[in-house]
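K.L.:
All I have is the shape, not the residue letters:
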């Protein structure tokens, strides 16, 4: 991307390497924006790891190890996020 992309974990760093060699990726940004949502009456913020522009589509990417994929806290957060964009 000819710029510095900050990463917070080794798995994010590894994903950046994959983005750099993926021929379908046109551009990407790390921690591209903040989403504010309310859960159980409490306002919370979520910042996705990446925004990726691929040929023909845009993606919001959260990079997590397999051990965290079914984490209940993440499910609640993503439920609020996807509800906003459905």
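P.N.:
Thanks, I have the structure now. Remember, it's a predicted structure, so these values are computed and weren't measured experimentally.
K.L.:
just the helices in this structure please.
P.N.:
10-21, 72-85 (DSSP state H).
K.L.:
Other residues contacting the first one?
P.N.:
Contacts with helix 10-21, where a contact means CB atoms under 8 Å, 6 or more residues apart in numbering, come from 1, 5, 7, 25, 28, 30, 49-50, 52, 61, 63-65. Bear in mind the C-beta positions are built from the backbone N, C-alpha and C, glycine included.
K.L.:
so how far is residue 23 from residue 47?
P.N.:
Distance, residue 47 to residue 23, by CB to CB, to the nearest Å: 28 Å.
K.L.:
and stretch 58-68, how far from the chain's centre?
P.N.:
Centroid separation for stretch 58-68 versus its chain: 6 Å, with CA atoms, centre = their mean, to the nearest Å.
K.L.:
Apologies, that question was intended for stretch 41-49.
P.N.:
Taking mean C-alpha positions (CA atoms, centre = their mean), stretch 41-49 and its chain are 13 Å apart.
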